[in-house]
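> this is a predicted model, with the sequence first.
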Amino acid sequence: MNQPLEVQTGSIEGPLMVRPRQFGDDRGRFSETWRAGHFQEVLGRPVQFVQDNESISGKGVLRGLHLQIPDRAQGKLVRVVQGRALDVAVDLRTESPTYGQHQMALLTAENRWQFWIPEGFAHGFLTLEPDTIFCYKCTEVYSPEHERALQWNDPDLSIDWGVDAPLLSPRDAIAASFADFDSPF
């Protein structure tokens, strides 16, 4: 039997690209988008998701860079079900050799990749098409008092989003600089 998940690693230990197998016939397509046992096998540890989120955004919307600090840190499994998005994870683990570095992923409805962003990373995405639907599973519930944000265009992070003036929320427009962020990870 074929592997149920295609997996790719990147330059940073932790984040993973995961793509479930897809089956098609004259009726259309079917894909099992997540199964605990398969995901646990890939990660080598159990993961319990407790909240699912969905956002619908116009082209050029940038959400992030967001994180939650311990004891409510979140891991996220993200995917695009309609449209396209550039997704970014920033390593905030102070003992990591890639601290402050980022990994990017192009997520589209067509390529069906999912991006696993473990606890200890900031996360953000830029929508590249109108009406992009972005879905994500979280390992911890949303907690406003644990939420933090970093500047999307912080020069110390050197993220090339490919845009100069994305549409931001008021909170993201005044997010903290990386230099001023005291990482608890």
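It's in.
> in this structure, which spans are strands?
5-9, 16-20, 22-25, 28-31, 51-57, 62-68, 76-82, 84-91, 102-108, 114-117, 121-127, 132-138, 147-149 (DSSP state E).
> reformat those as TSV; add distance to Asp182.
In this view, the C-beta of every residue, glycine as well, is placed from N, C-alpha and C. TSV is the format used below for the strands of the chain (distance: least, C-beta to C-beta, whole Å):
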stretch	distance to Asp182
strand 5-9	29
strand 16-20	27
strand 22-25	43
strand 28-31	41
strand 51-57	26
strand 62-68	13
strand 76-82	22
strand 84-91	15
strand 102-108	19
strand 114-117	21
strand 121-127	13
strand 132-138	23
strand 147-149	10
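> need the ones you listed in CSV (columns: mean neighbour count, distance to Gly162 and mean pLDDT).
Converted to CSV, the strands of the chain look like this (neighbours: other C-beta atoms under 10 Å; distance: least, C-beta to C-beta, whole Å; pLDDT from 0 to 100):
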stretch, mean neighbour count, distance to Gly162, mean pLDDT
strand 5-9, 13, 21, 91
strand 16-20, 19, 19, 93
strand 22-25, 9, 28, 79
strand 28-31, 10, 29, 78
strand 51-57, 13, 16, 97
strand 62-68, 23, 11, 98
strand 76-82, 21, 16, 98
strand 84-91, 24, 7, 98
strand 102-108, 19, 10, 98
strand 114-117, 24, 17, 98
strand 121-127, 25, 8, 98
strand 132-138, 20, 15, 97
strand 147-149, 17, 20, 98
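> wait, which of those is closest to Leu167?
Leu167 lies closest to strand 62-68 among the strands of the chain, at 6.8 Å (C-beta to C-beta).
> next one: that closest one to chain centre, how far?
9 Å (C-alpha atoms, centre = their mean, to the nearest Å).
> quick one: contacts of that strand?
With C-beta atoms under 8 Å, 6 or more residues apart in numbering as the test, strand 62-68 has contacts from 55, 57, 73-74, 88, 90, 92, 121-127, 134, 140, 142-143, 146-152, 157, 161, 163, 166-169, 172, 175.
> rewinding a little: to His38, which of the strands of the chain lies closest?
It's strand 5-9; of the strands of the chain, that one is closest to His38 (C-beta to C-beta) at 5.5 Å.
> which other helices and strands does that closest one contact?
Identification of packing neighbours for strand 5-9 by 3 or more C-beta pairs under 8 Å, 6 or more residues apart in numbering; DSSP states H and E yields strand 16-20, helix 36-43.
> and the angle from the longest one to strand 5-9?
Relative orientation of helix 36-43 and strand 5-9, computed by axes from the mean of the first three to the mean of the last three C-alpha atoms, to 10 degrees: 30 degrees.
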